[in-house]
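Peer 1: no FASTA, just this:
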């Protein structure tokens, strides 16, 4: 019989074998189709401070929370069954609710919804509601609404009020209102000059009409002058009148 060929370094050879087995197991695990972590709560980062917490302890639903460097506030992502279609998951992105309220992004298959809420879960601020047929933008669900709606057929609707004869700066797109000229000039014509309060950033188109203050016959009127700072309405006679106007920048 021959002499066995033993390795010169038993410890080194054993470590090499252990390392090879470990690498093989690691590679095998990365190729498995499914993986599972059984934990009540998983924290990525530090226990306090900036961190990600998956499935927070005490939560009634699966949630991922993102914490800042300081404090206990957080933003979170969670999913639940869409109440309108149990076969679809609704994704929600929230900030933590406090005494002021919170903000939320709600994602469904056929709807994207962004809104602000108060501490009682009532709409309290602007919103964006996108569906496949319509888009609402503005104060959509608050008691006093101010919003635009655009539908798939190309129609646009406005809900709310327009400010009346208010200086809104040079970039304002629409300048509207009603102004009373309470006395005539005593001559053939009476002029009423209306200023924008600011020099508009571009030329404007003036649409103006006259409303009598009493049971008077109609009288001729027209826009006698206009510029980026305002316009003048000229009316026939010396009557008092209201000037109603709608000005938009071009």
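Peer 2: Received, thanks. Here the structure is a predicted model, which is why all the values come from computation and not from measurement. Numbers count the residues shown, from 1 in each chain.
Peer 1: longest strand in the protein, please.
Peer 2: strand 85-95 (DSSP state E).
Peer 1: and the helix or strand just after it, which strands flank it?
Peer 2: Once the chain leaves strand 85-95, the next helix or strand it forms, by DSSP states H and E, is strand 102-107. The strands that strand 102-107 pairs with in its sheet are strand 85-95 (antiparallel), strand 111-117 (antiparallel) (by DSSP bridges).
Peer 1: any idea of the mean pLDDT in the last one?
Peer 2: What that stands for is strand 111-117. Per-residue pLDDT over strand 111-117 has a mean of 93.
Peer 1: swap in the longest one?
Peer 2: Taken as a whole, strand 85-95 has an average pLDDT of 83.
Peer 1: who touches it?
Peer 2: 73-83, 102-109 (CB atoms under 8 Å, 6 or more residues apart in numbering). Placement of C-beta: from N, CA and C, glycine included.
Peer 1: ditto for the shortest one
Peer 2: The set of residues external to strand 111-117 that reach it, using CB under 8 Å, 6+ apart, is 97, 101-107, 123-131, 140-141.
Peer 1: which SSE is immediately downstream of it?
Peer 2: As assigned by DSSP H and E, the chain's next helix or strand after strand 111-117 is strand 123-131.
Peer 1: which elements pack onto that following strand?
Peer 2: Applying 3 or more CB pairs under 8 Å, 6 or more residues apart in numbering; DSSP states H and E, one finds that strand 123-131 contacts strand 111-117, strand 134-139.
Peer 1: would you mark the buried spots in the first one?
Peer 2: Think strand 111-117. 113, 114, 115, 116, 117 (16 or more other CB atoms under 10 Å).
Peer 1: hmm, which of the contacts of strand 85-95 are the buried ones?
Peer 2: Counted by 16+ other CB under 10 Å, the contacts of strand 85-95 give 74, 76, 82, 102, 104, 106, 108 as buried.
Peer 1: rounded mean pLDDT for the stretch of helix or strand the second one belongs to, please.
Peer 2: What that stands for is residue 76. Using DSSP H and E, residue 76 sits within strand 75-82. When pLDDT is averaged over strand 75-82, the result is 84.
Peer 1: need the next SSE after the lowest-mean-pLDDT helix or strand in the chain, C-terminal direction.
Peer 2: When each helix and strand of the chain is scored by mean pLDDT, DSSP states H and E, helix 10-30 comes last, with a mean of 61. Heading C-terminal from helix 10-30, the first helix or strand you meet, by DSSP H and E, is strand 42-45.
Peer 1: residues in contact with that next one?
Peer 2: By CB under 8 Å, 6+ apart, the list of residues contacting strand 42-45 reads 51, 52, 53, 54, 55.
Peer 1: what comes up buried for the helix or strand harbouring the third one?
Peer 2: This points to residue 53. Per DSSP H and E, residue 53 falls inside strand 51-54. By neighbour count on 16+ other CB under 10 Å, the buried set for strand 51-54 is 51, 53.
Peer 1: quick check: next helix or strand after it?
Peer 2: strand 63-67.
Peer 1: show me the contact partners of that next one.
Peer 2: 49-56, 73-78.
Peer 1: apply 10 Å and report the result again.
Peer 2: The contact list for strand 63-67 (CB atoms under 10 Å, 6 or more residues apart in numbering) reads 42-46, 48-56, 59, 73-79, 92-96.
Peer 1: and the chain, what are its domains?
Peer 2: The chain breaks down by automatic domain parsing into domains covering 74-159, 174-249.
Peer 1: mind putting those in TSV, distance to residue 65 included?
Peer 2: Output for the domains of the chain, formatted as TSV (distance: least, CB to CB, whole Å):
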stretch	distance to residue 65
domain 74-159	5
domain 174-249	44
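Peer 1: so which of those gets nearest residue 166?
Peer 2: Closest to residue 166 of the domains of the chain is domain 174-249 (CB to CB; 7.5 Å).
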